[in-house]
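Q: I need the structure of the sequence given here:
(chains A, B, C and D)
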Number of protein chains: 2
Amino acid sequence: MATEYSDLTESKDKQPRTARGLRTKRKLLDAAALEFGEKGFHEASITAITQRAGTALGSFYTYFDSKDELFSALVRELSNMVKERAALALAPKQSAIDAERSVLHAFLEFAREHQEIYRIIDEAEFIDPQSYREHYENAAQRIMERLAEGAKAGELRSDVGEIEAWAIMGMNVFLGMRYGIWSEEKSAVEIADIANGILARGIVRED
Amino acid sequence: MATEYSDLTESKDKQPRTARGLRTKRKLLDAAALEFGEKGFHEASITAITQRAGTALGSFYTYFDSKDELFSALVRELSNMVKERAALALAPKQSAIDAERSVLHAFLEFAREHQEIYRIIDEAEFIDPQSYREHYENAAQRIMERLAEGAKAGELRSDVGEIEAWAIMGMNVFLGMRYGIWSEEKSAVEIADIANGILARGIVRED
DNA sequence: TTGAAATATGAATCATAATTCAACTTAGAA
DNA sequence: TTCTAAGTTGAATTATGATTCATATTTCAA
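A: Numbers count the residues shown, from 1 in each chain, chains lettered A, B, ... in the order given. Next up, the predicted model:
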């Protein structure tokens, strides 16, 4: 399903052709992120989104075919933001284990800063399953590549693979929900350190 | 919010008072599990649920105040089923690590058998956040208790706690989604073994 | 400067189900 | 057996918001 357009929100023929149009579409996407984030997909209304964006109701349909399509476009955009944030956290010359710690730490801080993104991507499981799946498959793929590098460098066990990647991702997502969204009682550093300890040493007592 | 009734689906005054009523309510809950599982909350309709249950539309309101309330009741019931299945998997005299392996294995099989349960509980994040949260807080609590026992027995590191519990739960849930719901390409045993390897030894190379 | 293409507007339309309700049937206690 | 509470029925009501569309305004290439 690769697209030939660079704009992730593209939809056949509704691309804005002027700077004004681009600005309006941007305002709609930003307003939608807030509205969907606060209310969830079904409680959110197009009317409220256009009010937030400061445009007329009808303008919405200049840029999107439907409420569903807007949501899809948004999920793909947000998924990309998460991906970029993780990439940014990757310092060169880190050990494979430290890389995972950095990514988790960055993810926790990102989840705290942008709780709405967390919620929207999660809700995509029900509104736009394909995007949801792609989001996590891509993320798992990137973890897997880091693990493979670590294995090649002799830092990690040589048999680490896809299952470990999904396990790490699940860890991260749930820690993000519990300690990023539900409460901020613990520091991101502490959580990342403890979770990283599992990867580094497991949970078995060592003498 | 403890209730004084034993029926998890109770709602003030809509309890069935005869065997016939109980049967009808049961049929509605079973039909709802199928309908919500297949279509999701918003695509599912009360009409379709009553048709599946073989009752009249109006009968629904004899037992539930609303679509939301039905969903809530169902989530609490299903959450309980998951909990019971995990408890069943716990053989006595297992090591702490083996216990986690058994629970994950049981969870994977359960997810495969009852994909609809997996989906409904997930969707509760948006329809009935309180039940969703309780479901996972309870599950984390039970993991934490097992870890504490393992620590007391000297099998696990003495500092294992809540964060490890949430990490393990996240691992399990994501592995359930990826290898239980999305595909069954790998055996439940293999997945449980590999994930358990992370807990037992971490992912770092050992010489 | 100008006019055709883009964009903006919001009242009116339309579709979908959730929920209500008044009439009817059945269960089961006395 | 009888009678009342419990349960059943499905057509009618109602509420909500997504989407359409005819009209007005703005942009910008020529």
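Q: contacts and neighbour counts: CA atoms only from here.
A: Fine.
Q: so A:Ile120 touches A:Val75, yeah?
A: Yes: A:Ile120 is in contact with A:Val75 according to C-alpha atoms under 8 Å; the separation is 6.9 Å.
Q: which regions of chain A sit below the pLDDT cut-off?
A: Applying pLDDT under 70 to chain A flags the ranges A:1-13.
Q: which parts of chain A are helices?
A: A:19-39, A:46-53, A:60-63, A:67-89, A:96-113, A:115-127, A:129-152, A:162-176, A:188-201 (DSSP state H).
Q: so which bits of stretch A:87-105 are buried?
A: By neighbour count on 16 or more other C-alpha atoms under 10 Å in any protein chain shown, the buried set for stretch A:87-105 is A:89-90, A:96-105.
Q: flag every residue of chain A that's near DNA strand C.
A: Applying C-alpha under 7 Å from any atom of the strand, we find that chain A lies next to DNA strand C at A:14-22, A:24, A:54-60, A:62.
Q: chain neighbours aside, what residue packs nearest to A:Arg178?
A: B:Trp166 (7.7 Å; C-alpha to C-alpha, 6 or more residues apart in numbering or on different chains).
Q: burial check on the one you found, number of neighbours?
A: 29 (other C-alpha atoms under 10 Å in any protein chain shown).
Q: ok, A:Phe60 next?
A: 21.
Q: contacts only, for the nearest residue to it once chain neighbours are set aside.
A: In space, and not counting its chain neighbours, A:Phe60 is closest to A:Thr50: 6.9 Å by C-alpha to C-alpha, 6+ apart. Neighbouring residues of A:Thr50 by C-alpha atoms under 8 Å, 6 or more residues apart in numbering or on different chains: A:28, A:31, A:56-57, A:59-60.
Q: do you know how far A:Thr50 is from chain B?
A: Note on A:Thr50: its distance to chain B, by C-alpha to the nearest C-alpha, to the nearest Å, is 23 Å.
Q: picking up where we left off before, just the buried members of the residues of chain A next to DNA strand C?
A: So, of the residues of chain A next to DNA strand C, A:15, A:24, A:55, A:60 end up buried under the neighbour-count rule (16+ other C-alpha under 10 Å).
Q: distance-wise, check the third one relative to A:Arg23.
A: Going back to what we said before, that points to A:Thr55. A:Thr55 sits 11 Å away from A:Arg23, going by C-alpha to C-alpha, to the nearest Å.
Q: repeat that for the last one.
A: A:Phe60 sits 13 Å away from A:Arg23 when distances are taken as C-alpha to C-alpha.
Q: what do you get for the first one?
A: To A:Arg23, A:Gln15 is 12 Å away according to C-alpha to C-alpha.
Q: follow-up on the earlier one: now the helices of chain A as CSV including distance to DNA strand D?
A: CSV is the format used below for these (distance: least, C-alpha to the nearest atom of the strand, whole Å):
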stretch, distance to DNA strand D
helix A:19-39, 5
helix A:46-53, 4
helix A:60-63, 5
helix A:67-89, 4
helix A:96-113, 26
helix A:115-127, 13
helix A:129-152, 17
helix A:162-176, 29
helix A:188-201, 36
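Q: tabulate the ones you listed (a markdown table), appending distance to B:Ser79.
A: Below are the helices of chain A laid out as a markdown table (distance: least, C-alpha to C-alpha, whole Å):
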| stretch | distance to B:Ser79 |
| --- | --- |
| helix A:19-39 | 25 |
| helix A:46-53 | 34 |
| helix A:60-63 | 40 |
| helix A:67-89 | 29 |
| helix A:96-113 | 26 |
| helix A:115-127 | 19 |
| helix A:129-152 | 23 |
| helix A:162-176 | 18 |
| helix A:188-201 | 26 |
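Q: quick check: the farthest pair among the buried ones among the residues of chain A next to DNA strand C?
A: Using C-alpha to C-alpha, the pair of these lying farthest apart is A:Gln15 and A:Thr55, separated by 17.0 Å.
Q: verify the stated contact: A:Glu100 with A:Asn196.
A: Yes: contact criterion C-alpha under 8 Å: A:Glu100 and A:Asn196 qualify, at 7.2 Å.
Q: which residues touch A:Leu156?
A: Contact analysis of A:Leu156 by C-alpha under 8 Å, 6+ apart lists A:96, A:147, A:150, B:203-205.
Q: actually, A:Ile121.
A: A:Ile121 neighbours (C-alpha under 8 Å, 6+ apart): A:75, A:78-79, A:132.
Q: Serialize these to CSV and add fields for neighbour count.
A: CSV is the format used below for the contacts of A:Ile121 (neighbours: other C-alpha atoms under 10 Å in any protein chain shown):
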residue, neighbour count
A:Val75, 25
A:Leu78, 19
A:Ser79, 21
A:Tyr132, 21
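Q: tell me the two of these that are most distant?
A: For those, the maximum inter-member distance is 11.0 Å, found between A:Leu78 and A:Tyr132 (C-alpha to C-alpha).
Q: relative to DNA strand C, how far out is the residue nearest to A:Arg178?
A: With the distance defined as C-alpha to the nearest atom of the strand, to the nearest Å, B:Trp166 ends up 34 Å from DNA strand C.
Q: next: A:Ser95.
A: Distance, A:Ser95 to DNA strand C, using C-alpha to the nearest atom of the strand: 48 Å.
Q: for DNA strand C, what is the nearest residue in chain A?
A: The nearest approach of chain A to DNA strand C comes at A:Gly58, 2.8 Å away (C-alpha to the nearest atom of the strand).
Q: contact residues of chain A facing chain B?
A: Proximity of chain A to chain B (C-alpha under 8 Å from any C-alpha of the partner chain) is limited to residues A:40, A:97, A:123, A:126, A:151, A:154-158, A:160, A:163-164, A:166-175, A:178, A:191, A:194-195, A:198-206.
Q: brilliant, that's me finished.
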